[in-house]
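**Student:** Sequence unavailable; structure follows:
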């Protein structure tokens, strides 16, 4: 088995669509009351349902180099995104953690 999709409830669908499309540069497609962000083998579904109280939860995007992680940090800062950690190196791992508009923790990393 492998994971195929993740569904996240968001407070403001338009703000989340703009964040994932304009800030992260992902292909986001509105489909009725949901926004689909697609990869070849994965689907992120955003729907306007205020998030319930969360435990420790985050999802990550792998990039090809440490320099790319650093470039993402600059891009996110330029958009006023709240960076909560990094970029930092731990051995061969370079990581950056930030918050999306609904305070979901997102990671960009390279190995």
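**Tutor:** Structure received. Fair warning: this is a prediction, and the values are worked out from it, not measured in the lab. Numbers count the residues shown, from 1 in each chain.

**Student:** Let me know the helix or strand that residue 71 is in.
**Tutor:** helix 66-78 (DSSP states H and E).

**Student:** mean confidence for the next helix or strand after that helix?
**Tutor:** Using DSSP H and E, the next helix or strand after helix 66-78 towards the C-terminus is strand 83-90. The average pLDDT for strand 83-90 rounds to 93.

**Student:** what's the spacing between the following helix or strand past strand 83-90 and its chain's center?
**Tutor:** The first helix or strand that comes after strand 83-90 along the chain, using DSSP H and E, is strand 93-99. Put simply, strand 93-99 sits 11 Å off its chain's centre (C-alpha atoms, centre = their mean, to the nearest Å).

**Student:** quick one on the thing from earlier: helices or strands up against the helix holding residue 71?
**Tutor:** strand 83-90, strand 93-99, strand 105-110 (3 or more C-beta pairs under 8 Å, 6 or more residues apart in numbering; DSSP states H and E). Where C-beta positions appear, they are placed from N, C-alpha and C, glycine not excepted.

**Student:** Could you report the neighbour count for the residue lying closest to residue 92 once chain neighbours are set aside?
**Tutor:** In space, and not counting its chain neighbours, residue 92 is closest to residue 111: 5.8 Å by C-beta to C-beta, 6 or more residues apart in numbering. By other C-beta atoms under 10 Å, the residues close to residue 111 number 12.

**Student:** Surely residue 111 and residue 93 touch.
**Tutor:** Yes - applying C-beta atoms under 8 Å as the test, residue 111 and residue 93 come out as touching, 5.7 Å apart.

**Student:** check contacts around residue 77.
**Tutor:** Shown in contact with residue 77 (C-beta atoms under 8 Å, 6 or more residues apart in numbering): residue 83.
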